[in-house]
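Asks: Build me a model:
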Amino acid sequence: SIKENQNEFILSGRRLSLPGFIATLVTTWYGAILGIGENTYLHGIQTWFIFALPYYVFAAIYAVWVANQVRQQKQFSIPDHFRKSYGKTTGIISAVLILFLSSPAPYILSMGVLLQFIFGIKLGWALIITTVYSVAYVYNGGFRAVVRTDYFQFILMFLGFGFLFIFLWRSAVSPFELFRGLPAIHTQPLGGHSLQYVLVWFFIALWTIVDPGFFQRCAAAESPEIARKGLLISIGFWFVFDCLTIITGLYAFILVIPESPIMSFPVMAAEVLPPILLGLFLVGIFATIMSTIDSFCLINAITLGRDILWRIQASKTKKYPTPFIKEGLVITAFLSIVLAFSLPSVVMLFYTLGSILIPGLILPFLFALNRKKVSENLANLWVVLPVLVSFIWVLVSKINDTILWNIEPFYPGMAVSILLSIFIIKK
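Replies: Below is the predicted model:
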């Protein structure tokens with residue numbers, strides 16, 4: 001039946017067990033692993049305060065207040081959730097925003113750069129190889145294929161960094177001596193930045209609340225209890241992995257001078273690990289990035305194929321959404337290669353995207369969980385206006401080459417969203 005068919009492909013039949021939930025959630029989180037190396041190399045322990053701590057906080061909030069409702073409402077995706085609460089147009093608008101939020105392009109770029117670094121092939125080819133390989137098994141197996149590979153990727157990422165850490169401790173200095181030898185800036189939470197900068201990252205971590213990957217995994221969990229427990233246990237694994245990556249990143253700062261800091265992990269591993277373990281470490285990094293690429297490709301394909309294309313035609317077509325999702329996957333793959341190729345510093349683009357899109361999604365999403373009624377036109381305004389405000393803010397800042405009134409674009413968008421929600425609640 002139509003329900004079964006998409007239930008299997010998108011949520012593997014809502015039978016995700018606790019180990020599967022943890023493996024797939026923990027691995028999908030670290031697509032920007034090379035970026036963690038880069039930031040630690042440049043700014044030291046600040047990495048933990050912007051890339052780790054805020055996410056634990058919001059993941060815990062998600063576990064306690066959101067996961068349960070996501071599982072009970074039995075929606076397939078965030079745009080479904082918007083559609084059911086506000087109406088068809090709002091569902092499609094939110095799908096367009098989610099499409100940008102869950103683009104695999106930055107991760108495909110990371111992987112491409114890594115392949116280029118190791119094998120010396122041209123970046124274009126590296127991007128194509130990465131994408132084709134990541135999309136192939138998702139095309140046939142859907143979410144179940146993603147979870148199956150995530151088990152292996154989970155083991156590989158911990159093994160790789162675990163071995164690197166042990167070897168560094170044995171061959172260089174102990175972590176305690178390492179800390180004593182670092183310059184002051186590398187041991188300060190702000191890492192030489194302003195408090196406002198670090199706070200923006202805290203707000204960008206709100207991303208978690210509207211993260212389509214979180215939503216998909218909680219919706220696929222066998223029970224609300226598994227979703228809640230799985231999230232809390234995952235935070236523990238993230239903590240361990242963050243400690244491993246950040247300490248090894250600090251070792252890189254004293255041991256190697258990479259051509260570009262983004263390569264600090266692979267360059268250092270090549271210095272200290274024997275050949276077999278170096279191979280294991282590189283496979284570990286590949287696995288870490290791949291687990292994010294396949295998940296985001298699938299989410300992007302569902303958003304484009306089902307939540308946009310199929311929804312627009314749904315009244316006219318008798319077809320299942322699954323073929324649309326597969327079409328979406330092919331289009332996603334193509335667009336991601338183009339995007340990754342045309343924007344070499346996708347990471348910055350990524351955070352610009354976060355500042356623009358999150359203000360439009362976060363409050364309407366939380367509001368919809370509590371099933372309050374809002375007219376569709378008002379809901380559309382509530383999603384679109386904050387995004388427009390942040391977008392114009394980014395544009396004006398770009399044109400003037402300084403941040404407008406020294407306020408990061410996230411804040412004005414969020415302020416508009418909060419004002420609208422006060423108006424909606426009063427109404």
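Asks: where does this structure dip in pLDDT?
Replies: The chain contains residues with pLDDT under 70 at 1-4, 314-315, 317-318, 343-350.
Asks: can you give me the strands for it?
Replies: Along the chain, no segments are classed as strands by DSSP state E.
Asks: for it, which helix is longest?
Replies: helix 123-171 (DSSP state H).
Asks: Against which helices or strands is that one packed?
Replies: helix 2-11, helix 18-28, helix 105-119, helix 224-255, helix 264-272, helix 275-301, helix 321-342 (3 or more CB pairs under 8 Å, 6 or more residues apart in numbering; DSSP states H and E). Heads up, the C-betas are built off the backbone N, CA and C, glycines and all.
Asks: relative orientation of the last one and helix 123-171 in degrees?
Replies: Calculated by axes from the mean of the first three to the mean of the last three CA atoms, to 10 degrees, helix 321-342 forms an angle of 80 degrees with helix 123-171.
Asks: One more: the second one?
Replies: Angle, helix 18-28 to helix 123-171, by the same axes, to 10 degrees: 110 degrees.
Asks: what's helix 18-28 packed up against?
Replies: Right, helix 18-28 is packed against helix 123-171, helix 212-220, helix 224-255, helix 275-301 by 3+ CB pairs under 8 Å, 6+ apart.
Asks: Would you mark the buried spots in it?
Replies: Leu18, Gly20, Phe21, Ile22, Ala23, Thr24, Leu25, Val26, Thr27, Thr28 (16 or more other CB atoms under 10 Å).
Asks: Look up the closest residue to the last one, ignoring the ones flanking it.
Replies: Beyond its immediate neighbours in the sequence, the residue positioned closest to Thr28 (CB to CB, 6 or more residues apart in numbering) is Ser295, lying 4.5 Å away.
Asks: distance of the one you found from Phe117?
Replies: Separation of Ser295 from Phe117 (CB to CB, to the nearest Å) stands at 24 Å.
Asks: Next, the contact list for Lys84, please.
Replies: Residues near Lys84 by CB atoms under 8 Å, 6 or more residues apart in numbering: Gln73, Gln75, Gly91, Ala368.
Asks: Now distance to Gly37 too, for the helices and strands packed on helix 123-171, in TSV please.
Replies: Converted to TSV, these look like this (distance: least, CB to CB, whole Å):
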stretch	distance to Gly37
helix 2-11	33
helix 18-28	17
helix 105-119	11
helix 224-255	5
helix 264-272	4
helix 275-301	9
helix 321-342	19
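Asks: Ser295 and Phe117: who's more crowded?
Replies: Neighbour totals were compared for Ser295 and Phe117, and Ser295 leads with 30 against 20 (other CB atoms under 10 Å).
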